[in-house]
Each structure stands twice: as C-alpha cells, then as structure tokens.
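Colleague: Sequence plus the predicted model coming up.
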Amino acid sequence: MKCNTVRTKLAGYLDDAITGGARVAERVQVRQHLEGCNVCREELERFRKLAVMLSRVPANVPPADLAIRIKVAAAQAQNSRDWASSLSRLPADSSPLFLFSCSCFR
Amino acid sequence: MSDWASALSWGRDEADLVHELQAGSETAFDWLVTHYHGPVYNLILGMLGDTSDAADGTQEVFLKAFRGIRNFRQGSSLKTWLYRIAIREALNHKRWFKRHLQKNVSIDAEPEEGHARIEIEDLCATPFEQLAAQEIQTVVHGALQQIPEIFRSAVILRDLEGLSYEEVSEVLECSVGTVKSRILRGRRALKEILEPLLGVQQIHASHAQTSSHGNVSEARPSPFGDAFSAARRFTFSSEGLTASQSDMKSPRASSPGEGLP
C-alpha cells in the first residue's frame, strides 16, 4: 500500500472507521506500511492529537434560564392544545358570537 | 425547572419514562428537559456556532418533542430521537438563515454587549486551564463552522458527543458506512484547518525544556500561542482549504482538501 492510499485511511484508523469491504485486511496493510514510513506515522500522530483535542472540547453551559423558558413554552403549548381541543368538543352549530365570547374570556 | 428534578435520576427504565411522557406527565417532561437541554444546546451550538440561535433552537426541539412524543416508537432511544430533532432543527435554521439573512459569522467577532460568547463548564479548573480550554473551544468551534454541515454533524455527534457509529447513523438516518465516510472526510478537513495546532505542542514542550535552564521568569503564555491565530487564518472553500496568508511554516505532505468534495 502506498502513502497516498494509506493517508486516505488514517482519519479512521484510530477508532476503526476504515470504510470498505475488506476492513481487516486494509488495517493490516496500513499497519505494515506505518511500521516502515515515518511520514505517515507523523500524519497518524496528527489525527491522534486531533482526536484528543476534540474529546477535550469543554461543554458549553446553556443560558441559566433556558430550562425554565422551555418549560414555560411547553406549558403554554399545552394550554393552547387544551383550549383547541375544548373548542373542538363544542357542538357544530355553536354560534360565532358564542365562540368569540369564549375567546375573549380565555 | 424545579431543583429536585435536576437531582432526580429516573430510577426506572426509559420505556417507563416514554410512557409517562406520552401520558402527559409534567414530572417526566421536567426530567427530560433537565437532563437533555444541555446536550441538545451543545449539539445545536456546534452546528450553528451562535449561542442565541442555539438557545432558541433548543427550545424549539423540546417543543417538537413535547408535541411529537405520542409518535415516538418504543424501542428507539430517547437521546438519539432528541438529537435527530436537534440536527433537523439546526439544518432548517441554517437554510432559513441562508435564504433570509445571509449573516456572516466570524470566529473573531466580539460577543454582544452583556453576553459572554461562550461559557466554560469546568468551574474547578485553574484560570490557566480555563483559558486553554476556552481557546481550544473557540478554535474547534470556528473550525467546525468552516467544514460542510454534512460532515460537521457527523463529527460533532461522534467526536464531541461521543455517540457510537450506530447511534450516529440512527440520528442522521443513514447507513453506518455513510456515517464513517462523512466522519473521515470531516476529520480530514478539520485536521487541515487545525494543522498548526496539531504539531505545536512539541514545539512548546521543547521551548519549555530550553527555557527551564534559564532564570528569567516570564508571564505564562497562551498554551498554544500563535498556532491559534494561524489556525484562524485558514478558510474552507468548496475547492479545499487555502491559507489566507501564506505564513505557514510546515508544508503539508498531502494535497489540501484531499478527499473533500
């Protein structure tokens, strides 16, 4: 296996994400190549550092009020749904004036 | 959000939680929001790169989950279901944004007055460690914004959120093979952007070793020094990666943007 081919595999070498039908055979070929190629080993080292860097990206803290905002919005959505379903249970011949009055007292 | 909800662990299995949610239990929804709003927020922030959009998107994800929980299939994972809604929400937001506003996002942009750009979670770290973590976070998020979103979502889910390939394939609704292919291409693109950073630790280590022999005490530098600004100078285009200023010292062995569409 040549350097150019090996380098297309290195991004997935560390966590076994090499794609293709003959994955095991390819891993063996990549490993054999790495044993004798400093340049590709250095390239693999860069991917290892990238993996470490990505795994160490700290989680962002959501805004302190986000959870309560979601809860309030969900409660409002629930109320709207209850209101809509109560309207749908009204008799079909309810007068528009009655429906308007209901919406005013909502 | 009630305080007890954050301390409460859902002692029963997820099927019970889903059942409670489908029955309209406020406690179950409280638990869901408490435990998943952070990861969902982080996922959307990684996709969009804007804290305000991420907060709005997170709210929308939970409202959609609230409305759609009755259609949730038993046997699926709640986490991957929420993440799927979040990815769709982020992509929809991005499309809407492109159509209507075309706002340019710069990783060097200053946060709005009164709004911190990003808050770091690890409050126990030393100021130096917090600074290093913040720099890593800023540069990685900046780099993520430069790669195509189809690769970005796969890399975030796998390498930042730690999902398995099977879980990523469930979230993105594509085969494991496709997921792996996207992740490989995303990692290659990220490596190209972050190249100055990936070799710099050795330089700093050797610098530290050299300076340890001297007696001059200096203010502690940024842990990655100029590499961060060098990483920022890269831009990603459909043709591949280009350095906006040609001051990169180590030429890459492989061609830029190799394997990218």
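Modeller: Arrived safely, thanks for sending.

Colleague: Could you pull up the residues touching B:Ile69?
Modeller: Going by CB atoms under 8 Å, 6 or more residues apart in numbering or on different chains, B:Ile69 touches B:18, B:21-22. C-beta coordinates here come from the backbone N, C-alpha and C atoms, glycine included.

Colleague: List, one by one, the residues from chain A near chain B.
Modeller: For chain A, the contact set with chain B under CB under 8 Å from any CB of the partner chain comprises A:3-4, A:7-8, A:11-12, A:17-19, A:39, A:43, A:46-47, A:49-51, A:53-63, A:66-71, A:73-74, A:77-78.

Colleague: so where's chain B uncertain?
Modeller: Residues of chain B that meet the criterion pLDDT under 70 lie in B:1-12, B:96-125, B:200-261.

Colleague: Quickly note the distance from B:Gly177 to A:Ala25.
Modeller: Distance from B:Gly177 to A:Ala25, counting by CB to CB, to the nearest Å: 17 Å.

Colleague: name the element A:Val52 belongs to?
Modeller: According to DSSP states H and E, A:Val52 maps onto helix A:38-55.

Colleague: Which stretches in the stretch 1-150 of chain B count as strands?
Modeller: Read by DSSP state E, counting those that start in this stretch, the stretch 1-150 of chain B holds no strands at all.

Colleague: Show the residue spans covered by the helices in it.
Modeller: Applying DSSP state H, counting those that start in this stretch to the stretch 1-150 of chain B gives helices spanning B:3-7, B:14-22, B:26-48, B:51-68, B:78-100, B:127-146, B:149-155.

Colleague: Same question for chain A.
Modeller: A:3-9, A:23-36, A:38-55, A:66-88, A:96-104 (DSSP state H).

Colleague: among those helices, which is nearest B:Val155?
Modeller: Taking CB to CB, helix A:38-55 is the member of the helices of chain A nearest to B:Val155, at 7.5 Å.

Colleague: Report the separation between the residue nearest in space to the middle of chain A and B:Ser77.
Modeller: Taking CA atoms, centre = their mean, the centroid of chain A lies closest to A:Ala59, which sits 13.9 Å from it. A:Ala59 sits 20 Å away from B:Ser77, going by CB to CB.

Colleague: go on, B:Arg182?
Modeller: 20 Å.

Colleague: Over to B:Glu89?
Modeller: Relative to B:Ser77, B:Glu89 is positioned 18 Å away (CB to CB).

Colleague: Neighbour count: the two, which is higher?
Modeller: Neighbour totals were compared for B:Glu89 and B:Ser77, and B:Glu89 leads with 24 against 14 (other CB atoms under 10 Å in any protein chain shown).

Colleague: In contact with the more buried one, which residues are there?
Modeller: By CB under 8 Å, 6+ apart, the residues touching B:Glu89 are B:44, B:57, B:60-61, B:64.

Colleague: Top of those residues by number of neighbours, please.
Modeller: B:Ile44 (28 neighbours).

Colleague: Would you enumerate the residues in contact with that residue?
Modeller: Contacts of B:Ile44 (CB under 8 Å, 6+ apart): B:53-54, B:57-58, B:61, B:86, B:89-90.

Colleague: Quick check: of the residues you listed, which lies closest to chain A?
Modeller: B:Thr58 (6.3 Å; CB to the nearest CB).

Colleague: rewinding a little: mind putting the contacts of B:Ile69 in TSV, distance to chain A and neighbour count included?
Modeller: Listed next are the contacts of B:Ile69 as TSV, based on distance: CB to the nearest CB, whole Å; neighbours: other CB atoms under 10 Å in any protein chain shown:
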residue	distance to chain A	neighbour count
B:Val18	16	20
B:Leu21	11	20
B:Gln22	14	14
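
Colleague: what does the stretch 51-200 of chain B put close to chain A?
Modeller: For the stretch 51-200 of chain B, the residues in contact with chain A (CB under 8 Å from any CB) are B:51, B:54-55, B:58-59, B:62-63, B:66-67, B:118-122, B:133-134, B:136-137, B:140-141, B:155, B:159-160, B:162, B:165, B:177, B:180-181, B:183-185, B:187-188, B:190-191, B:194-195, B:197-199.
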